[in-house]
Each structure stands twice: as C-alpha cells, then as structure tokens.
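Visitor: Build the 3D model from these lines:
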Amino acid sequence: YAAMLHDIGKIGVRGIVLNNSKGLSDEEYDEIKRHPLVGEGIIQPIELLQPIRPLIRHHHEWYNGKGYPDGLSGENIPLSARILAIADAYDAMKSDRPYRKALTEETAIQELKRGSGTQFDPKMVKVFIEILRQTCQETTVL
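Guide: Residues are numbered from 1 along each chain as shown. Predicted coordinates for the structure are as follows:
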C-alpha cells in the first residue's frame, strides 16, 4: 500500500502549488514539505495501514540527512522508505511535469546515480538500476 499512498498527504496541498510551472516560494515549498506528515495523519486511524506510516512519513528523507520531515540519515531511514524514495524519484523523472517533459531512461538513471550517497542510499540505487536494466532487457527480448 505504501507505494500507492505515499503522496496521499498532497491532498492538503493547494493545486496552484502542486501544478506550479515556475519556482516555488519558501512558503509554497514549506507547504509541499508538510505532505508526508499530513499523509501520515490521514492513515493514522486505519489499523491496516499502520505498518506503512513510517514509509509515508520518511519517503522524502535524504541519505545525507538533508531531507524532510525529520532530517533522518543513512540507516536511520527505514529501508522501505529508502527504496520508495528511489522509485518515487524515478517515476517523477520519467513523467511529464508542468515545468518539464519526462526524462529519457538513460538521463533518469544518470540522475539516480548523481543522487547516490546524498539523496539516495547508494546500495539501493545500485540494486534499483540493476533490476531496471534487467527488466528492460527482458521486455525488449519479448
């Protein structure tokens, strides 16, 4: 459920902020940064979803500690949240956005590598790219 619900907190972000095609003000960025906490609050009363609360809360933590909402770093970020962060970033890069077109496969991979060790867990980036390349090879063979 975590992958499907990780951004549920964006329901509390104004559409004008979510669909901004220009730069965000500090106030707008702070609004965006609250969405993990809002999301955690939304699912808090649902017993079935308790195991994914840490993933929703921490999917924007950075491996180097410069993420949000808690500034966790390295192994202090739940493993599933570290994996979800990579998948979320990859999905964002491969999707059209109001401010840019989707990136190519190779460009997205290069961006993941660039974020390895700072934004993302380097071990998980390596595994993600290996799985991605293997999956791409399998689909081109079919």
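Visitor: I'd like to know how far Ile83 sits from Val125.
Guide: 10 Å (C-beta to C-beta, to the nearest Å). Backbone N, C-alpha and C define where each C-beta goes, glycine included.
Visitor: So between the two, which is more surrounded?
Guide: Val125 (24 against 19; other C-beta atoms under 10 Å).
Visitor: what does the helix or strand where the more buried one lies rub up against?
Guide: In the assignment (DSSP states H and E), Val125 maps to helix 122-141. By C-beta atoms under 8 Å, 6 or more residues apart in numbering, the list of residues contacting helix 122-141 from outside reads 63, 79, 82-83, 86-87, 90, 105, 109, 112-113, 115-116.
Visitor: Could you give me the ChimeraX syntax to select whichever of these are buried?
Guide: Here is the ChimeraX selection string for the buried members of the contacts of helix 122-141, based on 16 or more other C-beta atoms under 10 Å:
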select :63,82,83,86,90,109,112,115,116
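Visitor: could you redo the contacts of helix 122-141 as CSV and give each row distance to Leu55, secondary structure and pLDDT?
Guide: Below are the contacts of helix 122-141 laid out as CSV (distance: C-beta to C-beta, whole Å; DSSP: H, G, I helix; E, B strand; the rest coil; pLDDT from 0 to 100):
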residue, distance to Leu55, secondary structure, pLDDT
Tyr63, 16, coil, 99
Leu79, 10, helix, 98
Arg82, 10, helix, 98
Ile83, 9, helix, 98
Ile86, 13, helix, 98
Ala87, 11, helix, 97
Tyr90, 16, helix, 97
Glu105, 26, helix, 90
Ile109, 23, helix, 96
Leu112, 19, helix, 98
Lys113, 23, helix, 98
Gly115, 19, helix, 98
Ser116, 20, strand, 99
